[in-house]
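>>> Pasting the sequence and the predicted model now:
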Amino acid sequence: MNWLDICDLEEINVLGSRIVSGPKGDIALFRTSADEVFALDDRCPHKGGPLSQGIIYGKRVACPLHNWQIELESGKAVAPDQGCAHRHPTKVENGRVLLALAPHN
Amino acid sequence: MQKLKLVMIGNGMAGVRTLEELIKLAPDLYDITVFGAEPHPNYNRILLSPVLAGEQTFEEIVLNDLNWYADNGIKLLLGRKVVKIDRKARVVVADDGSQAEYDRLLIATGSNPFILPIPGKDLQGVIGYRDIADTQMMMATAKTHKHAVVIGGGLLGLEAANGLKLRGMDVTVVHIGDWLLERQLDVTAGRLLQQSLEDRGLKFLLPKHTAELLDNGEGRVCAVKFKDGEVIPADLVVMAAGIRPNSDLAEQAGIACNRGILVNDTLQTFDPRVYAIGECASHRGIAYGLVAPLFEQAKVCANHLAQLGFARYQGSVTSTKLKVTGIDLFSAGEFMGGEGTETITLSDPIGGVYKKLVIKDDVLVGACLYGDTADGGWYFRQIRENYNVSEIRDHLMFGENAIGDTGHQGQSKAMSMPDDMEVCGCNGVCKGTIVKAIQEHGLFSVDEVKKQTKAASSCGSCAGLVEQILINTVGGAADVKPKSEKAICGCSDLNHGQIRKAIRDEHLTSIPAAMAFLNWSTPNGCATCRPALNYYLISTWPGEAKDDPQSRFINERAHANIQKDGTYSVIPRMWGGVTNASELRRIADVADKYNVPMVKVTGGQRIDLLGIKKDDLPGVWKDLDMPSGHAYGKSIRTVKTCVGSEFCRFGTQNSTQMGIDLEHALFNMWSPHKVKLAVSGCPRNCAESGIKDVGIIGVDSGWELYIGGNGGIKTEAGEFFVKLKTAEEVMEYSLAFLQLYREEAFYLERTVHYLQRVGMEHIKQGVLEDAERRKALHERLLFSLSFEQDPWKEQLAKPQLKKEFDRIALQQLEAHA
């Protein structure tokens, strides 16, 4: 996997996010309270809202436009809503956040 | 840690709801075993009548399928009736010999139909009406036999009679009372109901005493004989003459019973390890037979089982609704009247409408509606919340519409709406979709409907209508709690009032501390509770509690208003709606420099720049060099003014200056919801002070203050608050009222709803009657505001806060890698 070095973990607020300009649109990086980092395309499966701007809690984010709840690990919307945001693999090594771009099918 | 063992006897709605609540609170505390006498998983017993009437199938009314039990690790033993509880050995024994040990036992055995002790009661074709087996038996009999007799003219009896009639039987209802539903209706409404059921072909005999059921010679019933000697043919007799709590098992085990298993306010029986809930339990002398109280009990019982122990059950006010399609009937509270009560009646026997309201000490205590039940939910709310109705008494009979609270599109007749009519205009949800979701998913509260259908989940203006549809669909089972009693969200069982109190009493100053102290069930809350907690903390402990940007909605983090395409709108502050050439020039320059797609004048007398990219926000703020307008926050928005006595030939006061001064004084104020003010210079009221949170109208002799107005979803005229002489007084009183609101309102509660909840009297006591208290409130607001500064300037001054606005470019990094 082609890991890209993005930023220091400390450059993302706890329960906060940053936007990475990806080749196919913005990618949202989320940091949970347990210092895990997840990456999703910054588009809600509902109406394309910027997930990076939502409130993060547990391992979920609430879309700022219409409050859909999205699972950070899978990108899936929490029932009864249905849909999925495209996810990208991430890892944190030596305090650096690494991202791999997962191709869209 | 070894798990405790919880055994539940009975697999009905009350019991399973308790388990659902318990699993939410303490998923890993117990190994749970459930004994169910019926061979089915938990189904919605209140929908048996629609099944009998052919409007729904059994599969549609199942609430928890077998997978639910498996997913939650619950051991489910179906078709097994528990025959013994051994409290010494702490074990229960079922009729097939299977046993289960328990640390905690939950008895949820429900009730049995009361079978009249008359000759012939054991004949074939004589049944009670209690479960799906009874329902199926009735459906089968309707195919082969003709004559049905239902004994009992209560809710269940009438629903059974209606269903059997629809299935083609010739049905007679026999009732011992003088009129139908004598526990739910008064005599006038009872007669109206009888008339309309007779029009549908049902026959009634009342008052009538059943003496005996006659044998056809082959062990099957063939006729009913009455005490007066009359005999009518009957191939099927349904006993619906009441229910008896099923407490035999508990009684044999030596647990105190008296028309039900006696329980305390935590639903514990005489033996504290043993809980009882639902129709088998008797709480303060009442065994409830309706679903809503049982769900309230379930919450409390689960709370105690989860070892939290702060919830108490203190009885319920109930309402009923007959589930016979096409018949509108609603009653709640003490609708019979009696000593010390006053009654208002509307009676139109030809039109088939009858309404009766019972008032005691200026509070609505009961309602009985027939023919037009659209306002049932609203009356029920008045009853539950003990609202003082003296001021709306002359309009009360005409319902919510008549007090200026028109609701969504003025539409409030949930019953008469066709299925394809839109209820929620924000999300395009029709009535039929909502009804279907309620039935298929077994929904009981507006919140559940919101989640499932999205109706009422955006602006909320149709929430009242959704509530009516809910009440019309599931009747008394609807969970229509006011916000003051509802839990804040799924993360906690506490309501807003309890949380505010704990934060104050326990001096909690951070979200983690509050969540730890209040036993939050999630590690960092959710998007509903975190913003509320953050507001409660900073408003209760200004200067001590640290604001948490991550617990704010994006608008309050970005200090701009997010739009549908992810861009933002920027509204700089114009004090009192007054601007000048140099500000306008800067705004024009910003519009050019950042290619702003739309520049628009707002309703709050300022200018909106729409379509700004998030990355550009700091630059826009810097170039504007104007303060934040807070047009995005639960905060002070604007003070709208007219030109007043400086220019206007009618003006009596300098309203513009008053507005500017107020806006300066309130700058940076966070509040439970948005706050808008207006100042008009004369009673022509050009600044529209009548629909603002605080509206001020200048008159020749001084100023009039109005509070609780609202021009949004529901237009609400502000209520007159006080008349004052000087501008200094206007300042002090306005700020004192707003501080009281900031300290007492629930998050997302506008002043109008706060006013309705606490009452004008309470606010007058706090602000008008005690000068010391008013000054203290005023001081506290000033103290609170002393810690705040213009958020735009703050963001520009502290580079670490800017990080959120900078995006990370990927191409550059790829080159590094």
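Now that the structure is in, tell me what you want to look at. Numbers count the residues shown, from 1 in each chain, chains lettered A, B, ... in the order given.
>>> Quickly list what the residue of chain A found nearest chain B is bridged to.
For chain A, the residue closest to chain B is residue A:62, as judged by CB to the nearest CB, at 3.5 Å. Where you see a C-beta, it was placed from the backbone N, CA and C, and this is true even at glycine. For residue A:62, the beta-bridge partners under DSSP bridges are residue A:55, residue A:69.
>>> doesn't residue B:526 make contact with it?
Yes - Residue A:62 lies in contact with residue B:526 (CB atoms under 8 Å); the separation is 7.4 Å.
>>> And residue B:636, its phi and psi?
Dihedral pair for residue B:636: phi -60, psi 130, per degrees, to the nearest 10.
>>> With chain A as the reference, measure out to it.
Per CB to the nearest CB, to the nearest Å, residue B:636 is found 22 Å from chain A.
>>> what does chain A put close to chain B?
Contacts of chain A with chain B, taken as CB under 8 Å from any CB of the partner chain, map to A:2-7, A:11, A:13-16, A:18-23, A:26-27, A:33-34, A:47-50, A:53-58, A:60, A:62, A:64-67, A:69, A:80.
>>> Where does pLDDT dip in the chain?
No chain specified, so I'll use chain A. Chain A contains residues with pLDDT under 70 at A:105.
>>> um, chain B though
B:1, B:321, B:323-326, B:401-416, B:461, B:475-476, B:482-483, B:800-802, B:811-817.
>>> Pull the number of nearby residues for the nearest residue to residue B:235 once chain neighbours are set aside.
Spatial nearest neighbour of residue B:235, chain neighbours left out: residue B:145 (3.5 Å); criterion: CB to CB, 6 or more residues apart in numbering or on different chains. Neighbourhood size, residue B:145 [other CB atoms under 10 Å in any protein chain shown]: 16.
>>> quick one: contacts for residue B:145?
Contacts for residue B:145 (CB atoms under 8 Å, 6 or more residues apart in numbering or on different chains) come out as B:125, B:169, B:235, B:236.
>>> Show the buried residues in the residues you listed.
In those, burial by neighbour count holds for B:125, B:169, B:235, B:236, counting by 16 or more other CB atoms under 10 Å in any protein chain shown.
>>> Which members of those residues are the farthest-apart pair?
B:125 and B:169 (12.1 Å; CB to CB).
>>> What residues sit buried inside stretch B:595-605?
Quick answer for stretch B:595-605 (16+ other CB under 10 Å): B:596, B:602, B:604, B:605.
>>> before we move on, the earlier item: and which of the contacts of residue B:145 is nearest chain A?
Closest to chain A, out of all of the contacts of residue B:145 and judged by CB to the nearest CB, is residue B:169, at 39.6 Å.
>>> Excluding covalently adjacent residues, which one is nearest to that closest one?
Residue B:169 sits nearest to residue B:148 (CB to CB, 6+ apart), 4.4 Å away.
>>> Can you pull the phi/psi pair for the one you found?
phi -120, psi 140.
>>> and what of residue B:419?
phi -60, psi -30.
>>> For stretch B:491-502, what is the distance to the chain centroid?
Centroid separation between stretch B:491-502 and its chain, computed with CA atoms, centre = their mean, to the nearest Å, is 16 Å.
>>> got it, and stretch A:14-22?
Worked out by CA atoms, centre = their mean, stretch A:14-22 lies 7 Å from the chain centre.
>>> Looking at chain B, which residue is nearest chain A?
For chain B and chain A, the shortest gap (CB to the nearest CB) falls at residue B:527, measuring 3.5 Å.
>>> In terms of helices and strands, where is that residue?
Using DSSP states H and E, residue B:527 maps to neither a helix nor a strand.
>>> Quickly list what's touching both of residue A:62 and residue B:526.
residue A:55.
>>> what about these two, which has more around it?
Looking at residue A:62 and residue B:526 with other CB under 10 Å, you find the greater number of neighbours at residue A:62, namely 25 against 20.
>>> how many neighbours does residue B:715 have?
13.
>>> surely it meets residue B:691?
Yes - with contacts counted by CB under 8 Å, residue B:715 reaches residue B:691, the gap being 6.4 Å.
>>> sec struct for the residue of chain A positioned farthest from its centre, please.
Most distant from the centre of chain A: residue A:80, at 20.8 Å, with distances by CA atoms, centre = their mean. State at residue A:80, reduced to three classes by DSSP: H, G, I helix; E, B strand; the rest coil: coil.
>>> how many neighbours does residue B:731 have?
The number of residues packed near residue B:731 is 17, by other CB under 10 Å.
>>> ok, and the closest non-adjacent residue to residue B:539?
residue B:742 (5.2 Å).
>>> same thing with residue B:726?
That would be residue B:702: by CB to CB, 6+ apart, it lies 7.3 Å from residue B:726.
>>> quick one, phi psi at residue B:344?
Per-residue torsions, residue B:344: phi -110, psi 130 (degrees, to the nearest 10).
>>> Could you list which residues are in contact with it?
With CB under 8 Å, 6+ apart, residue B:344 has these contacts: B:356, B:357, B:359, B:393, B:396, B:397.
>>> one step back: can you check which residues contact both of residue B:125 and residue B:169?
Joint contacts of residue B:125 and residue B:169 (CB under 8 Å, 6+ apart) are B:141, B:145, B:236.
>>> any chance you could read off phi and psi for the first one?
So that's residue B:141. Note on residue B:141: its backbone torsions stand at phi -60, psi -40 [degrees, to the nearest 10].
>>> Bridging across strands, which residues link to the nearest residue to it once chain neighbours are set aside?
Excluding its sequence neighbours, the residue lying closest to residue B:141 (CB to CB, 6+ apart) is residue B:236, at 4.8 Å. With DSSP bridges as the criterion, residue B:236 is bridged to residue B:148.
>>> isn't residue B:236 right next to residue B:147, touching?
Yes - assessed by CB under 8 Å, residue B:236 is found in contact with residue B:147 at 7.3 Å.
>>> before we move on, the earlier item: got the contact list for the residue of chain B closest to chain A?
A:54, A:55, A:57, A:62, A:67, A:69.
>>> how about a cut-off of 7 Å?
Contact analysis of residue B:527 by CB atoms under 7 Å, 6 or more residues apart in numbering or on different chains lists A:55, A:57, A:62, A:67.
>>> In TSV, list those residues along with distance to residue A:96.
Formatted as TSV, the contacts of residue B:527 follow (distance: CB to CB, whole Å):
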residue	distance to residue A:96
A:55	26
A:57	25
A:62	28
A:67	33
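>>> Quickly check the residues you listed for the two that are furthest apart.
Most distant of the contacts of residue B:527, by CB to CB, are A:57 and A:67, 12.3 Å apart.
>>> So for the two, which sits in the more crowded spot?
Neighbour tally, residue A:57 and residue A:67, criterion other CB under 10 Å: the higher count belongs to residue A:57, 24 against 19.
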